[in-house]
Structures are given as C-alpha cells and as structure tokens.
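Asker: make a model of this:
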Amino acid sequence: MPQKLVLASTSPFRKQLLEKLHLDFSTANPQVNEDELPGETAVQLVERLAIAKAQAVVKDFPDALIIGSDQVCLNNGKILGKPGNFENAFKQLKAASGQHVTFYTGLAVVNSQTGQVHSLVEPFDVYFRELSDQMITNYLNKEQPYNCAGSFKSEGFGISLFSRFEGKDPNSLIGLPLISLIELLEKEGLAVL
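Answerer: Numbers count the residues shown, from 1 in each chain. The predicted model follows:
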C-alpha cells in the first residue's frame, strides 16, 4: 500500500473537509485545464476532471494515494461556474430562486504505485427559497461567494438561501464527498477507523 495520502487540490474547503478524517495528508496543485469538451455532460466533465487532477500529480508522488475532486452546479440543464463578481453571482442566484439545482461532485482516488483508478460522481440537490432582489443583494454583500460554483457557501451564511437539501453526503456540496471517499480509500487498503 502507498505510504502517502495526497489531496490534488488547492481548495481550502476541500482541505478542511479532508482534515475531518484525521488522516495525515499533503496537498498539491494539479494545474488541469477545466474546460468542457464538446458534447460532454456535467457528469462526464466532473468525473474526467477528478481523475485528471489526481493523475496530474502522480509523477510528484510515486508512492501515494492521490485524491482528485471536481464539482459543477447544474440549473435547468445549464452548468453554473464560479461567478467571479457580484453581477454574475446575482444573476445565478436570481435564476436559482424558487428552483432546485443539482451539484455533481466527481471524486477519484489514484494509486500512483499501481495506476489503479477508482472514481464516481455524487449528485446533491439544493432547493432554493423564493429570493427577492434585496435578499440576494444582502446575502452577496455579507458572504461574497464569488469563487464558489452556484454563488453560495452552504457551510456559511448561504444556508439562509435554501428550503432543503437532498443527497447522500452534505460534504459533497462543499466539494468532497467524505462518505464515498472513505469507501474508495478502503478499496486501496487505507482504513479510516
């Protein structure tokens, strides 16, 4: 079994989630092009990118289990990226008001010794309250979630935007489905408990 555990991500949110498992790990920047391929679905995109991110750092960690993850938000069949600014975030939240959006989180564990790849895509549904323009503005001014897919932080004040959640693991909404990750790590002989 590999001696190291590596999170192929620079996301502070994913790092905080992985710390919940009390495992020693390091992080690495995978530097992967995240553009969609022609005809690619959201599910195909996040699984491909999760695997690509893990595989991108294999050469730097020849004796490791490497975790890759990627996430997109889908609203009415349209992929919502990170908004980058207030105006784009406002548009995303306005479009999501009273709607349900689905987050797809791709997860991959790559054994750099054997080349073995385990991957999956976990969906998570978020149901938005009816949001007025003032509610959206108030939220964005308080949290400024401009680097988050879907324009909110569910682990923070973003919880005020929702009526309910549906999914296997609420951690997947933040970017790393820990329940499924434990299962994939165990397939490679790493027991969390």
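
Asker: keeping just the C-alphas, turn the longest helix belonging to the chain into PDB.
Answerer: Scanning the chain for the helix with the most residues, using DSSP state H, yields helix 42-56. Once non-C-alpha atoms are left out, helix 42-56 reads as follows in PDB (Å, rounded to 0.1, in the frame of the first residue of the first chain):
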ATOM      1  CA  ALA A  42     -21.900  17.600 -16.400                       C
ATOM      2  CA  VAL A  43     -21.400  14.100 -15.000                       C
ATOM      3  CA  GLN A  44     -18.700  13.200 -17.600                       C
ATOM      4  CA  LEU A  45     -17.000  16.500 -17.000                       C
ATOM      5  CA  VAL A  46     -16.600  16.200 -13.300                       C
ATOM      6  CA  GLU A  47     -15.500  12.600 -13.300                       C
ATOM      7  CA  ARG A  48     -12.900  13.300 -16.100                       C
ATOM      8  CA  LEU A  49     -11.600  16.300 -14.200                       C
ATOM      9  CA  ALA A  50     -11.400  14.500 -10.800                       C
ATOM     10  CA  ILE A  51      -9.300  11.700 -12.400                       C
ATOM     11  CA  ALA A  52      -7.200  14.200 -14.400                       C
ATOM     12  CA  LYS A  53      -6.400  16.200 -11.200                       C
ATOM     13  CA  ALA A  54      -5.300  13.100  -9.300                       C
ATOM     14  CA  GLN A  55      -3.300  11.900 -12.300                       C
ATOM     15  CA  ALA A  56      -1.700  15.300 -12.800                       C
END
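
Asker: tell me the phi and psi of R164?
Answerer: For R164, the backbone dihedrals are phi -170, psi 170 (criterion: degrees, to the nearest 10).

Asker: do the same with A95
Answerer: Dihedral angles of A95 (phi, psi; degrees, to the nearest 10) stand at phi -70, psi -30.

Asker: burial of the closest residue to it other than its chain neighbours, as a residue count?
Answerer: Excluding the flanking residues, the one nearest A95 by Cβ to Cβ, 6 or more residues apart in numbering is N75, at 5.9 Å. Backbone N, C-alpha and C define where each C-beta goes, glycine included. Residues contacting N75 under the criterion other Cβ atoms under 10 Å number 17.

Asker: pull the contacting residues for N75.
Answerer: 92, 95-96, 99, 101, 150 (Cβ atoms under 8 Å, 6 or more residues apart in numbering).
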